[in-house]
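Undergrad: When you get a sec, could you give me coordinates for this:
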Amino acid sequence: MARTVSCRTTSTPKEFSEHDERLMIETVSQAAEQSGNEVSASETGSPARSYLEALKSLTFSADKEGNVSLPQLVISPEGEKKLRADLEGQGPAYDLEVKAVQLEKAADAVREELSRLSRYEGFDERR
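TA: As a prediction, the model looks like this:
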């Protein structure tokens, strides 16, 4: 099964200066730490397990047409290399577990959007 991991490495993108990028990463890291929305390979045992645990803890979102937005992973170039190497060592059961979590989270996102839309007068879910 092919693995698709959407990673954005922290090598300097054209639209950010190194300072702005560092500030953005620090701010996101602090917010994640304060909210408890972080996972650690030292706690889960591997980068691949951390990735799976992160997926399980996230809430996906869907737009009014039901298109689901997948989360983006911000990771250092070194972390990306470790994650990709660890993902390559996982077997088919891991791939299926990741896919099952993604499908479950996507379905939850669509149901939540349908619930949100149903609160509007004139909304017809059959259309």
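Undergrad: Following element in sequence after the helix or strand that contains residue 87, please.
TA: Per DSSP states H and E: residue 87 is located in helix 77-88. On the C-terminal side of helix 77-88, the closest following helix or strand by DSSP H and E is helix 92-118.
Undergrad: Look at the most centrally placed residue in the chain and give its secondary structure.
TA: In the chain, the residue lying closest to the centroid (CA atoms, centre = their mean) is residue 71, at 3.2 Å. On the three-state scheme (DSSP: H, G, I helix; E, B strand; the rest coil), residue 71 is labelled coil.
Undergrad: Can you tell me the closest non-neighbouring residue to it?
TA: Computed as CB to CB, 6 or more residues apart in numbering, the closest residue to residue 71 that is not its neighbour in sequence is residue 58, at 5.1 Å. Where C-beta positions appear, they are placed from N, C-alpha and C, glycine not excepted.
Undergrad: since we're on that neighbour, how many residues are nearby?
TA: By other CB atoms under 10 Å, 13 other residues sit near residue 58.
Undergrad: could you measure it against residue 35, distance?
TA: Separation of residue 58 from residue 35 (CB to CB, to the nearest Å) stands at 12 Å.
Undergrad: Also residue 75?
TA: 18 Å.
Undergrad: Show me which of these two is the more surrounded one.
TA: Using other CB under 10 Å, the more surrounded residue of residue 75 and residue 35 is residue 75, with 20 against 8.
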